[in-house]
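>>> Any chance you could fold what I've pasted below:
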Amino acid sequence: MRASHPSLVVASRAISAQRDAMVVRWGDWLGERTTGSNGVARPLMERQVRLVLDVLITLVGPLRREAKPIWGQVTEHYGRLAAARGLAAGEVVEEMQYLRELLIRHLAPALAALRPRQGMALLLRLNRLVDRGVAMAVVGYTDALVQALLPGTHDGPPVEHHGVDPKQLRRELDGLERSLSTITKARANNS
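Prediction:
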């Protein structure tokens, strides 16, 4: 476990404090874009968004190295879910890019309170994390499309474009949440 730079601690606390507001705002934004054919209920989408933010909080804290693989898995899952929802590739990118907007809007007071150099470094770090998340969401989306076209070509769970299995999505989210919980509990036990 690495010690966190004070600006990272500020970011982690600010995201934690704003997490619920950001989940609601992201959920509202997604709800406005959703078509009637969407087979994913809002509570399940909000759970996915909450998990994205929880992993991001961990990524700017002392467990950033441990959380890096989970970030890839969670954002890749987001992409697979976007494919199952019938989104186009650009739409999954746009949805993940909305995270950047939320972070800027909700962290602006915390960033403004930092010295300019620290604030800029933090903003650049958050941008890199969002960019990596966008890339992994596109990987998940593409994998889901390939799997739908060529069954048996992917190790992950099957994705159907005509129907979404909410139970399967919940199981996948359960597993991702357990992975995050495992590393955060390990830190709590070591403290």
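>>> From now on I want contacts and neighbour counts done on CA atoms only, so please keep to that.
OK.
>>> next one: phi and psi at His106?
phi -80, psi -20 (degrees, to the nearest 10).
>>> how much space between it and Glu95?
According to Cα to Cα, to the nearest Å, His106 and Glu95 sit 17 Å apart.
>>> And the helices in the chain?
6-33, 42-59, 64-84, 89-113, 116-149, 166-190 (DSSP state H).
>>> possible to save these as JSON lines with mean neighbour count?
Shown next, in JSON lines, are the helices of the chain (neighbours: other Cα atoms under 10 Å):
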{"stretch": "helix 6-33", "mean neighbour count": "17"}
{"stretch": "helix 42-59", "mean neighbour count": "20"}
{"stretch": "helix 64-84", "mean neighbour count": "22"}
{"stretch": "helix 89-113", "mean neighbour count": "16"}
{"stretch": "helix 116-149", "mean neighbour count": "19"}
{"stretch": "helix 166-190", "mean neighbour count": "14"}
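>>> Put together CSV for the ones you listed, with mean pLDDT on each row.
Listed next are these as CSV, based on pLDDT from 0 to 100:
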stretch, mean pLDDT
helix 6-33, 88
helix 42-59, 92
helix 64-84, 93
helix 89-113, 92
helix 116-149, 92
helix 166-190, 86
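>>> The residue nearest the centre of the chain: what's it in contact with?
In the chain, the centroid-proximal residue (Cα atoms, centre = their mean) is Val52; its distance is 2.6 Å. Shown in contact with Val52 (Cα atoms under 8 Å, 6 or more residues apart in numbering): Trp71, Val74, Thr75.
>>> The second one contacts Leu176, doesn't it?
Yes: using Cα atoms under 8 Å, Val74 is in contact with Leu176, at 6.8 Å.
>>> which residues sit against stretch 10-29?
Contacts for stretch 10-29 (Cα under 8 Å, 6+ apart): 42, 45-46, 49-50, 53-54, 57-58, 60-61, 98-99, 102-103, 106-107, 110-111, 122.
>>> Return the distance of the residue of the chain positioned farthest from its centre relative to Leu122.
Residue farthest from the centre of the chain, counting by Cα atoms, centre = their mean, is Arg115 at 27.7 Å. Distance of Arg115 to Leu122, given as Cα to Cα: 11 Å.
>>> distance of the residue farthest from the centre of the chain from Pro6?
Taken as Cα to Cα, the span from Arg115 to Pro6 is 11 Å.
>>> before we move on, what about Ala144?
39 Å.
>>> for Ala110, same thing?
When Ala110 is compared with Pro6 (using Cα to Cα), they lie 12 Å apart.
>>> again with Arg132
Computed as Cα to Cα, the Arg132 to Pro6 distance reads 23 Å.
>>> now do Glu94
31 Å.
>>> do Leu123 as well
According to Cα to Cα, Leu123 and Pro6 sit 14 Å apart.
>>> got it, and Leu122?
10 Å.
>>> so how far is Leu114 from Leu44?
For Leu44, the distance to Leu114 - Cα to Cα - is 35 Å.
>>> Thanks a lot, catch you later.
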